[in-house]
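*Asks:* model the structure of this input:
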Amino acid sequence: MRCVFSSVLHMARLFNASSRVPLHIRIRLVKIEFSDAWEEFRAFLLCGDAFEKHLAKIGVFPQFKDWKFPMRENMQPFCKLSTSGGYTYRTCDWDLYTDATGRDAWIGIFADHTPSLLEHARTSNSPPAEDTLAAYEKAYMAALEEFRKNPDLLEPFDIYRLCEHRAEMMREFGIGDPYDRVKHEENVAALRHLPQVFAALDGCTDGKIVEMLLRGVLAGNKFDLGAKDTAEQHANGGIDFFTTLNELSPRPWFVDDCEEIGKRLARGKVTYRKAIYFVDNAGGDVVLGAIPFARHLANEGCAVVLAANDEPALNDVLVDELWEILDIAAKSDERLASHLQAGRISVVGTGCDCPLIDLAAVSVECNIAAADCDLVILEGMGRAVESNYDAQFTCDAINLAMIKNRRLAPYMGCEMFDLVVRFTEANKAPKVDHLR
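*Replies:* Numbers count the residues shown, from 1 in each chain. Take a look at the predicted model:
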C-alpha cells in the first residue's frame, strides 16, 4: 500500500505543478502529502476527472474505472441561486402534469426521437448489440406509454424529468454515448474554422464585438441533434456554421437584450471578475460560439469557468471532450493558450447527464468553481429556456438560445429559430411575460 501511495503522491506533485489544475484541487493534492491515513487520502480526492485519468494511464488502481470519487455522490444546489424575496427555484416552468396537451406532445417528441438516438448508437465508437438496442427501445416505449396513461408515475412531470428518465434507462441497458463519433467529427470540423473566427473578432473595430460574439453563440447553437428539425438538417448534409450565421433572423430578436449586454461586455467595459458559462453542444456550438465568447471575457480580465456535463447527453460536449478541444485550439492561438496556462479559462464538471440542467443538484466541484463568480451564462435551448428560464440568481445572468422545437415555440410565443438573448440583474425576476 505504501508503494502505491507513493506513486499517487508523485502524481499529486506533478498535478500541483500544473496551473491548469484549479487552485482548490492543487491545495488538496498538497495535503495528500501530509496524510498517513488511507481514508483521509480518499477524502481528499474531491475533484477527480483529470486526476483519475492520469492515475489510470500510469496503471495505479485500475479499479478507479468503476469507483466513484466521493464528491460525485454529493450533489447540491447551485450556490448562485437566489432566495431573495421568498423566491423558490424550480427546474422547469412548464408543468406537464397539469397541461395534458403539452404532456402528450412531449411524450410524443421523446418517442419520435428514439429511432434517431438508436441509429447514432449503432454508428458510435462502442455500438451496443442489436438485441440490447431492441430491448431498450421496447422497454422505453412501454415506459412512455405508461407515463401517458398515468402521469403520477413521474414527479415532477416536466421536460427535465423526461430527460432524466431516458438517461436512467440508457444506463440500465448499458448504452453509453451514442453521439461520441459525430461529436468528434463535428469538433474536428469546427476547430478548422476557429482561427478564422478569432481573426474576425480581433479585427472588429466598429464597437460591435459583443453582437458578433452573441451571433456566433446563437449560430453555433443550431447544432442540436435532440431537436427534430435540426437533427434532420444534420442528417441531410449538415449544419454549416457560417451559413447559419448569415441566416440568423434580423434584430430585434424575440428576446433582445443585446444592447444591455453590450454595455457590460464591450472592450474596456467589463467589470465582472469571473463568469461561469454552462456550455451546450459539441461542434460549432462550443468551438465557434462558447470558446470565442470565453476568450473575449478573459481578454478583458474576466476569468471564465466553462461548465460541462460529466456524463453523455445527446450531442452535448463533455468535460473531457472540452479539455481536448481547448488543448487543440490553444496550439494555434497564443491568447487562448495564455488564458489556459494562467487559469483565466478553466473547465469544471456539473455532475449532470441531461441536455437540460437542474440547478438544484450540481457537483461540489461546480459550486467551488462558481463561489466567486459574479456572472452566470446559460446557453442552449435546454439549459437556458426549457429549464432555468425563470431562475433567479444572486449575480447577473445571461440566457442565450435558438428555439428549435416546434412544441416549445408556441409555448414561448415565438416562431421556430427565433433567438433569445436575455440579461437579468442580480436578485431580479427575469422577463417571462411572453410565455403562454
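*Asks:* disregarding flanking residues, what is the spatial nearest neighbour of residue 429?
*Replies:* residue 392 (6.0 Å; Cβ to Cβ, 6 or more residues apart in numbering). Using the backbone N, CA and C atoms, a C-beta is placed for each residue, glycine as well.
*Asks:* which residues touch that neighbour?
*Replies:* Each residue near residue 392 by Cβ atoms under 8 Å, 6 or more residues apart in numbering is listed here: 81, 82, 84, 87, 89, 424, 427, 428, 429, 430.
*Asks:* where does residue 307 land in three-state SS?
*Replies:* Per DSSP: H, G, I helix; E, B strand; the rest coil, the secondary structure class of residue 307 is strand.
*Asks:* wait, residue 397
*Replies:* Assignment for residue 397 (three-state DSSP): strand.
*Asks:* coming back round to it: let me know the pLDDT of the residue nearest to residue 429.
*Replies:* Predicted confidence (pLDDT) for residue 392: 98.
*Asks:* quick one: it and residue 86, what's the gap?
*Replies:* 11 Å (Cβ to Cβ, to the nearest Å).
*Asks:* intersection of neighbour lists for the two?
*Replies:* Contact criterion Cβ under 8 Å, 6+ apart; residues shared by residue 392 and residue 86: none found.
*Asks:* filter the contacts of residue 392 to the buried ones?
*Replies:* 81, 82, 89, 424, 430 (16 or more other Cβ atoms under 10 Å).
*Asks:* now those as TSV including secondary structure, distance to residue 211 and pLDDT?
*Replies:* Output for those, formatted as TSV (DSSP: H, G, I helix; E, B strand; the rest coil; distance: Cβ to Cβ, whole Å; pLDDT from 0 to 100):
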residue	secondary structure	distance to residue 211	pLDDT
81	strand	29	98
82	coil	28	97
89	coil	31	98
424	strand	19	98
430	coil	21	95
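*Asks:* among those, find me the one that's closest to residue 96.
*Replies:* Of all the buried ones among the contacts of residue 392, residue 89 has the smallest distance to residue 96: 18.0 Å, by Cβ to Cβ.
*Asks:* does the spatially closest residue to that closest one that is not a sequence neighbour have beta-bridge partners, and which?
*Replies:* Among residues not flanking residue 89 along the chain, residue 81 sits closest, at 5.1 Å (Cβ to Cβ, 6+ apart). Beta-bridge partners of residue 81, counted by DSSP bridges, are residue 393.
*Asks:* check contacts around residue 81.
*Replies:* Listed by Cβ under 8 Å, 6+ apart, the contact set of residue 81 reads 89, 359, 360, 391, 392, 393, 394.
*Asks:* buried among the residues you listed? Need that as a selection in PyMOL.
*Replies:* Buried residues among those (16+ other Cβ under 10 Å), as a PyMOL selection:
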select buried, resi 89+359+391+392+393+394
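*Asks:* and the contacts of residue 81, which is closest to residue 138?
*Replies:* Using Cβ to Cβ, the contacts of residue 81 come closest to residue 138 at residue 360, 32.3 Å.
*Asks:* dump the buried ones among the contacts of residue 392 to CSV, plus distance to residue 300.
*Replies:* As requested, those are arranged in CSV below (distance: Cβ to Cβ, whole Å):
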residue, distance to residue 300
81, 26
82, 26
89, 30
424, 21
430, 25
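*Asks:* which of those lies closest to residue 350?
*Replies:* residue 81 (13.8 Å).
*Asks:* with just CA atoms, put stretch 251-271 into PDB.
*Replies:* What follows is stretch 251-271, C-alpha atoms only, in PDB (Å, rounded to 0.1, in the frame of the first residue of the first chain):
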ATOM      1  CA  ARG A 251     -32.800  42.200 -34.900                       C
ATOM      2  CA  PRO A 252     -34.700  42.900 -32.800                       C
ATOM      3  CA  TRP A 253     -34.600  39.300 -31.800                       C
ATOM      4  CA  PHE A 254     -37.500  37.600 -30.000                       C
ATOM      5  CA  VAL A 255     -35.900  38.400 -26.600                       C
ATOM      6  CA  ASP A 256     -33.200  41.000 -27.400                       C
ATOM      7  CA  ASP A 257     -31.000  42.400 -24.600                       C
ATOM      8  CA  CYS A 258     -28.100  42.700 -26.900                       C
ATOM      9  CA  GLU A 259     -27.600  46.400 -26.100                       C
ATOM     10  CA  GLU A 260     -27.700  45.800 -22.300                       C
ATOM     11  CA  ILE A 261     -25.200  43.000 -22.600                       C
ATOM     12  CA  GLY A 262     -23.000  45.100 -24.900                       C
ATOM     13  CA  LYS A 263     -22.800  47.900 -22.300                       C
ATOM     14  CA  ARG A 264     -21.300  45.400 -19.800                       C
ATOM     15  CA  LEU A 265     -19.200  43.200 -22.100                       C
ATOM     16  CA  ALA A 266     -17.700  45.600 -24.700                       C
ATOM     17  CA  ARG A 267     -14.000  46.100 -24.800                       C
ATOM     18  CA  GLY A 268     -12.900  48.300 -21.900                       C
ATOM     19  CA  LYS A 269     -16.300  48.000 -20.200                       C
ATOM     20  CA  VAL A 270     -16.100  44.600 -18.500                       C
ATOM     21  CA  THR A 271     -16.200  44.900 -14.700                       C
END
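*Asks:* what comes up buried for that stretch?
*Replies:* Buried, per 16+ other Cβ under 10 Å, within stretch 251-271: 253, 254, 255, 256, 257, 258, 260, 261, 262, 265, 266, 270.
*Asks:* so which of those residues sit within strands?
*Replies:* 255, 256 (DSSP state E).
*Asks:* how much space separates residue 158 from residue 106?
*Replies:* From residue 158 to residue 106 the distance is 9 Å (Cβ to Cβ).
*Asks:* which one's more surrounded, those two?
*Replies:* residue 158 (26 against 23; other Cβ atoms under 10 Å).
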